[in-house]
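# give me a 3D structure for the following:
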Amino acid sequence: MDILALGHSAYILSMAPDRDGEPVSILVDPWLSDFAVGDLMGRFPRLRFDAAELPEIHGLYLSHSHTDHLDPESLLRLWKDLPRHPVLILPSSMLYLESLLTKSLPGAEVLVLESERPVDFRGLELTGFFNPEPAPSNEDDVMLLVVASDREIFLGEADALLPMADAETRVALTETL
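Here you go, the predicted structure:
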């Protein structure tokens, strides 16, 4: 497993599905532009990237719809500059954006993660978990991502708390790990 940190919550996870397999790369929450919404958000130092220098990206996971995780400028640029379009991996909480994303990113293939339902992605098992906290917050729609191969497990959280309030979700996550 390799993790390439790209700043804020953006990173590329590369993991082989098995000992002999080629690594599968998933770009998570790409905020790779200077685009920001609100007075409290900004990138310092300013970020610059060259898509040609990135490894091949097979999947692009968006954990939730805040602009520091779903940056329209980065998505458009990646779609234009990457040699192959990655599969968009969305939590079920972002289904309302599917038609907008597929319209804005021509030819986009979308894989939707339902909470606690593992799916196969190029030989890796992807499982998402929501944090059902009793009190509402602006992070209710954030999905934790668990990526598993036959020998490694990765848990990525982006503004999400581990699901400690809901016993069933806590057990499911524990069993997954």
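# what segments of the protein are helices?
With DSSP state H as the criterion, the chain has helices at 72-81, 98-104, 167-176.
# and those helices, which is most packed in?
For the helices of the chain, the largest average neighbour count (mean count of other CB atoms under 10 Å) is found in helix 72-81, namely a mean of 16. C-betas here are computed from N, CA, C, even on glycine.
# contacts for that one, please.
27, 30-35, 51-52, 57, 60, 85-86, 101, 104-106, 108 (CB atoms under 8 Å, 6 or more residues apart in numbering).
# okay, and which of those map to strands?
L27, L60 (DSSP state E).
# which among the contacts of helix 72-81 end up buried?
For these, a burial check counting by 16 or more other CB atoms under 10 Å picks out L27, P30, W31, L32, S33, I57, L60, P86, L101, L105, A108.
# quick check: V146 touching F121?
No. V146 is not in contact with F121 according to CB atoms under 8 Å; the separation is 11.9 Å.
# quick revisit: ok, the buried ones among the contacts of helix 72-81 vs R117, which is closest?
The shortest approach to R117 among the buried ones among the contacts of helix 72-81 belongs to L60, at 19.8 Å (CB to CB).
# grab the nearest non-local neighbour of that closest one.
For L60, ignoring the flanking residues on the chain, the nearest one in space by CB to CB, 6 or more residues apart in numbering is P86 at 4.4 Å.
# same question, G59
Leaving aside its chain neighbours, G59 sits nearest to I26 (4.2 Å; criterion: CB to CB, 6+ apart).
# now do L105
Nearest to L105 is W79, by CB to CB, 6+ apart, at 4.7 Å.
# in the protein, which ranges drop under the pLDDT threshold?
For the chain, the stretches flagged by pLDDT under 70 are 35-47, 132-140, 159-165.
# just the C-alphas of stretch 50-58, formatted as PDB.
C-alpha atoms of stretch 50-58 as PDB (Å, rounded to 0.1, in the frame of the first residue of the first chain):
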ATOM      1  CA  ASP A  50       0.500  18.700 -13.200                       C
ATOM      2  CA  ALA A  51      -1.800  15.800 -14.100                       C
ATOM      3  CA  ALA A  52       0.900  14.200 -16.200                       C
ATOM      4  CA  GLU A  53       3.000  13.700 -13.100                       C
ATOM      5  CA  LEU A  54       0.200  11.800 -11.300                       C
ATOM      6  CA  PRO A  55       0.200   8.000 -11.400                       C
ATOM      7  CA  GLU A  56      -2.700   6.400 -13.300                       C
ATOM      8  CA  ILE A  57      -5.900   7.000 -11.400                       C
ATOM      9  CA  HIS A  58      -8.500   4.200 -11.600                       C
END
